[in-house]
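Asks: Build me a structure from this.
(2 chains)
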Amino acid sequence: MAENYRLEMVGISKSFPGVKALDKINLKVRPGTVHALMGENGAGKSTLMKCLFGIYKMDEGEVLIDGAKVSIANPDDALHKGLAMVHQELQPVPARSIAENMYLGRFPIFKIGPLKVIDHKTMNAEAEKWLKDVKMTFNPKAKLGTLSIGQMQSVEIAKAVSQNAKLVILDEPTSSLTDNEVEALFRIIRDLKSRGVSMIYISHKMAEIRQIADDITIMRDGTYVGSWEVADISDEEIVKQMVGRELGNVYPPKDDYRTEETVLKVSHLSSIHERSFQDCSFELKKGEILGFGGLVGAQRTELMEAIFGMRNISGGEVEVLGKKVEIKCPKDAIGDSVGMITEDRRGNGIFGCLSIADNTAIASYRNYTTAGVIQRKKVASVVKDSIAKLSIKTPNDRTQIQSLSGGNQQKVIIARWLASNPEILIMDEPTRGIDVGAKYEIYQIMIDLVKQGKSIIMISSEMPELIGMSNRIIVMCGGRITGEVEDSEATQEKIMAFATKFDINKTENNSKQEVKS
Amino acid sequence: MTAKKINLKDFLINNGIIVVLVLLAIFTAIKQPSFGSFDNLKNIALNVAPRFIIACGVSGCLITRGTDLSAGRIVGLSACLAGTLLQKPGYSGKFFPNLPDFGIWWVFVVLLICILVASLFGLINGLVVSYLQVPAFIGTLGMQLIVYGACLVYTNATPIGGYRPAYTEVAKGRLFGFMPYLFLIALAVGLVIWFVYNKTPHGKYMYAIGGNEQAAEVSGVNTKKTKIIIYVTAAALYALGGFLVGAKSGGSSVNMGMGWELEAIAACTIGGVSVNGGIGKVSGVLIGVLVFEILKTCLQYLGVNTNYQYIAQGIVIVVAIALDIRKYIAKK
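Replies: Predicted coordinates for the structure are as follows:
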């Protein structure tokens, strides 16, 4: 095996406190090829790339570029060694020109005495040249903000090329592109390939991998599964390799508490944004745990946030407990007996500097007032009960919530909704970033709730959790509901197939492979 | 009770400014014994009263991560408004020469007018901050100029004096001959504000918005309404403050209240109201105002040139906020 590789990553391991994020990962990219890197959410793809770029320091393993061992200190260093990354979420400066964005941090300058002045003429000319190189004819002086996301991505790629990148990493580059933009991107990729530039292509979209990639490496739960040439592996096999893990005994025994009564009926709900959720319809039964599966970007969170009044809709109806409701803000939703535990616990869940008591009671003060004054004793007893019931580990209820562990913080937020006592509780990634013990307790709470006749919608990106906890699972992909399975028939393969079922409602189906369902 | 280890460094970060000022006060009292006299202490207390009322107003804005730079000018407008409506019948430079000589109830009506006018400006502040989502710093900065302009237009920049005794009595009078009304009014305001902050949903929502506005919204808090109430209440308190200051000084001009908003913000911060929002107590606001007032008096007693006094006050404000931020960083 005397094959040359542009990049070799050998035996890369990385641990975070309590978790082994990467365990002896190998990745070998040949010159002038596109190498697909695949894996479920949380498989460790991003962590691996962060190790490559020196954002994280790897514990073990080595990196070779063109056969020579290198050590990369930071992203800037990576750039000097020929590695460039086009991020999933671009971070440009939209109010400045295209050229300025391309040359940010490395402006061409000339000196007037001790004074450094930016050489705009050279910068613009150079920028134009490199843009032409990727077949883009933008005016380099135009504001970056006037471009579409796809065009900004092309600018990013032009920037990478201008820095003599030998290897470009594309992290979910098509997640926010239109079909035409995807075509344009693929043209650029093919062109770069013919010039000997290698690319690592991170994506979930099977059809794209077929179209553009030469090799594929699959990761699962931070471990290395294997590498194949794309031509040698079937779609079914890829899905199987991505999810092939056993369900552990980490879920409490569950019974079916479902009744015939429909508590929530969502009909043809569509976002005001074309690329977000569209035409989503489903029903939730009393006593049901309804799982929502899908990949990152499937718009599950957006759909639920719309039902909870945090996002705007362009059409569709929501019926709660048999009557049509108009929910404009979370306050309305709570009034209609809907609660929501959001995904971003820090961002819109906890009040870090407030006490556990305040964090628990905030959504239900209006239920516990006489003549506009809070019933102190009543609130105190509700808080005390919740702390005991959810076994929240804390010195007392005046402790600031930010001093608790993630699992206990999450339990406080659950306590908030138990206090407000909604009929329907939406839980978005309820166990993210929580240790196994606390997870089990949260699962137990969920089962207790449905036992009492409450209904739960759970969004989860962990398939074992979906299958382990839900009575029924709805799967979304690209903003649409693509499938539904009863838990008795649910397998990870089935869910993954629905979750990667792109282009379902589009007339032109450019995927050659039929995705089996 | 668990035994708490007292960490000297943490203690100094949390209370540094207060410690320094207590030391300064002791030093001043030793150098100038009259500093510790009853008269001087009473004087400080009377100066603190209106400033405390104003700082209470600003504190609500600060706790929700906002601010109110229009505070001082609203104080000034209110003082001028009250002054023009409460001049002596026979006074030669009367603003409204034909204003009839109403009874004592008129004083209360005027107070109400001041509060209503100020509340209108507060309402605009609240709407701009909540609905238009203009940063409070900018929105209320604009309001500062608007109110100043309105005051200039209204008074035509003429100083106002010759108040009715019934009005000045509000500031100078005492209940049972020993308890100044000014003191009682400030006490009442403090108690009401404390009650609202701690015992009502509105108060809890205010802290929640300061702690995490998005989380507050998700928890069903009407954040816009809450903020509007805060800015209106604040303006009403400035009006009360201005009304009292006018009575206390027995005259008023457009320059009344200039820069008071900064003093109030500084006092709140010294008293532990976090500029990062979500934290702040009424008792802290009182301590902050007291400390700031003592600082000013100490400097006067030590014979520091007035010009230098501004520099000292400026330093205290910056140090107070730097220490406040340190508390926040330390927790990360």
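Asks: how about the CA coordinates for stretch A:14-21, as PDB?
Replies: The C-alpha atoms that make up stretch A:14-21 are tabulated as PDB, following Å, rounded to 0.1, in the frame of the first residue of the first chain:
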ATOM      1  CA  LYS A  14     -10.000  13.000  22.500                       C
ATOM      2  CA  SER A  15     -11.700  12.900  25.900                       C
ATOM      3  CA  PHE A  16     -13.700  15.500  27.700                       C
ATOM      4  CA  PRO A  17     -14.400  15.300  31.400                       C
ATOM      5  CA  GLY A  18     -16.600  12.200  31.700                       C
ATOM      6  CA  VAL A  19     -16.900  11.400  28.000                       C
ATOM      7  CA  LYS A  20     -14.600   9.900  25.400                       C
ATOM      8  CA  ALA A  21     -15.600  12.000  22.400                       C
END
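Asks: For stretch B:141-161, which outside residues touch it?
Replies: B:69-70, B:72-74, B:76-77, B:80-81, B:83-84, B:87, B:91, B:93, B:95, B:121, B:124-125, B:128, B:250-254, B:261 (C-beta atoms under 8 Å, 6 or more residues apart in numbering or on different chains). Using the backbone N, CA and C atoms, a C-beta is placed for each residue, glycine as well.
Asks: what about 6 Å?
Replies: B:69-70, B:73-74, B:76-77, B:80, B:83-84, B:121, B:125, B:251-254 (C-beta atoms under 6 Å, 6 or more residues apart in numbering or on different chains).
Asks: swap in stretch B:57-69?
Replies: With contact meaning C-beta under 6 Å, 6+ apart, stretch B:57-69 is reached by B:71, B:136-137, B:140-141, B:144, B:206, B:209-210, B:230, B:234, B:237-238, B:261, B:264-265, B:268, B:273, B:277, B:280, B:285.
Asks: give me the element the most centrally placed residue in chain A is part of.
Replies: What sits nearest the mean C-alpha location of chain A, by C-alpha atoms, centre = their mean, is A:Val296, with 3.6 Å. A:Val296 is part of no helix or strand when elements are defined by DSSP states H and E.
Asks: circling back to that earlier point, list buried members of the contacts of stretch B:57-69 by neighbour count.
Replies: B:71, B:136, B:140-141, B:144, B:206, B:209-210, B:230, B:234, B:237-238, B:261, B:264-265, B:268, B:273, B:277, B:280, B:285 (16 or more other C-beta atoms under 10 Å in any protein chain shown).
Asks: so who does B:Leu299 touch?
Replies: Contacts of B:Leu299 by C-beta under 6 Å, 6+ apart are B:Gln309, B:Ala312.
Asks: what do you get if the cut-off is 8 Å, keeping everything else the same?
Replies: Applying C-beta under 8 Å, 6+ apart, the residues near B:Leu299 are B:Tyr308, B:Gln309, B:Ala312.
Asks: With A:Glu208 instead?
Replies: Contacts for A:Glu208 (C-beta under 8 Å, 6+ apart) come out as A:Thr174, A:Val182, A:Tyr201.
Asks: cutoff 7 Å now
Replies: Applying C-beta atoms under 7 Å, 6 or more residues apart in numbering or on different chains, we find A:Glu208 in contact with A:Thr174.
Asks: doesn't it fall inside a strand?
Replies: No. Using DSSP: H, G, I helix; E, B strand; the rest coil, the assignment for A:Glu208 is helix, not a strand.
Asks: Show me the shaky parts of the chain.
Replies: Let's take chain A. A:1-2, A:17-18, A:88-90, A:176, A:244-249, A:436, A:503-517 (pLDDT under 70).
Asks: wrong one, chain B
Replies: B:1-6, B:328-332.
Asks: Which residues of chain B lie near chain A?
Replies: Residues of chain B lying near chain A by C-beta under 7 Å from any C-beta of the partner chain: B:199-201, B:204, B:207-208, B:211-212, B:214-215, B:217-222, B:278-279.
Asks: Buried members of these into PyMOL, please.
Replies: This is the PyMOL syntax for the buried subset of the residues of chain B next to chain A, where burial follows 16+ other C-beta under 10 Å:
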select buried, chain B and resi 199+200+201+204+207+208+211+212+214+215+217+218+219+220+221+222+278+279
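Asks: Keep only those of the contacts of stretch B:57-69 that are in strands.
Replies: In strands, judged by DSSP state E, none of the contacts of stretch B:57-69 are found.
Asks: who are the neighbours in contact with B:Asn222?
Replies: By C-beta under 7 Å, 6+ apart, the contact set of B:Asn222 is A:Lys331.
Asks: Now intersect the contacts of stretch B:57-69 with the helices, please.
Replies: Of those, the ones assigned to helices by DSSP state H are B:71, B:136-137, B:140-141, B:144, B:206, B:209-210, B:230, B:234, B:237-238, B:261, B:264-265, B:268, B:285.
Asks: any idea how far B:Trp29 lies from chain A?
Replies: Just to correct that, residue B:29 is Ala rather than Trp. From B:Ala29 across to chain A, the span is 37 Å (C-beta to the nearest C-beta, to the nearest Å).
Asks: My guess is that residue contacts B:Phe35. True?
Replies: Yes. Between B:Ala29 and B:Phe35 a contact is recorded at 4.8 Å, counting by C-beta atoms under 7 Å.
Asks: higher neighbour count, those two?
Replies: B:Phe35 (21 against 16; other C-beta atoms under 10 Å in any protein chain shown).
Asks: Is the more buried one in a helix, a strand, or coil?
Replies: For B:Phe35, the assignment made with three-state DSSP gives helix.
Asks: picking up where we left off before, out of the contacts of stretch B:141-161, who's nearest chain A?
Replies: Using C-beta to the nearest C-beta, B:Asn125 comes nearest to chain A of these, at 22.2 Å.
Asks: ok, now which ones touch the closest residue to the closest one other than its chain neighbours?
Replies: With C-beta to C-beta, 6 or more residues apart in numbering or on different chains as the criterion, B:Asn125 has its nearest non-adjacent residue at 4.3 Å, and that residue is B:Tyr231. For B:Tyr231, the contact set (C-beta under 7 Å, 6+ apart) comprises B:Cys61, B:Asp68, B:Gly122, B:Asn125, B:Gly126, B:Val129.
Asks: Now the terminal residues of stretch A:402-409, how far apart.
Replies: Stretch A:402-409 has an end-to-end distance of 8 Å (criterion: C-alpha to C-alpha, to the nearest Å).
Asks: Any buried residues in that stretch, and which?
Replies: Residues A:Gln402, A:Leu404, A:Gly406, A:Gly407, A:Asn408, A:Gln409 are the ones in stretch A:402-409 that count as buried (16+ other C-beta under 10 Å).
Asks: export the residues you listed to a markdown table and tack on secondary structure and distance to chain B?
Replies: Converted to a markdown table, these look like this (DSSP: H, G, I helix; E, B strand; the rest coil; distance: C-beta to the nearest C-beta, whole Å):
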| residue | secondary structure | distance to chain B |
| --- | --- | --- |
| A:Gln402 | helix | 7 |
| A:Leu404 | coil | 13 |
| A:Gly406 | helix | 15 |
| A:Gly407 | helix | 18 |
| A:Asn408 | helix | 16 |
| A:Gln409 | helix | 11 |
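Asks: Now compare these and name the two farthest from each other.
Replies: A:Gln402 and A:Gly407 (13.9 Å; C-beta to C-beta).
Asks: which parts of chain A sit against chain B?
Replies: A:310, A:330-331, A:334, A:340, A:342, A:347-354, A:358, A:362-363, A:365-366, A:369, A:372-374, A:416.
Asks: how about the strands of chain B, start to end?
Replies: B:174-175, B:179-180.
Asks: Include mean neighbour count when you put the ones you listed into TSV, please.
Replies: Below are those laid out as TSV (neighbours: other C-beta atoms under 10 Å in any protein chain shown):
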stretch	mean neighbour count
strand B:174-175	12
strand B:179-180	15
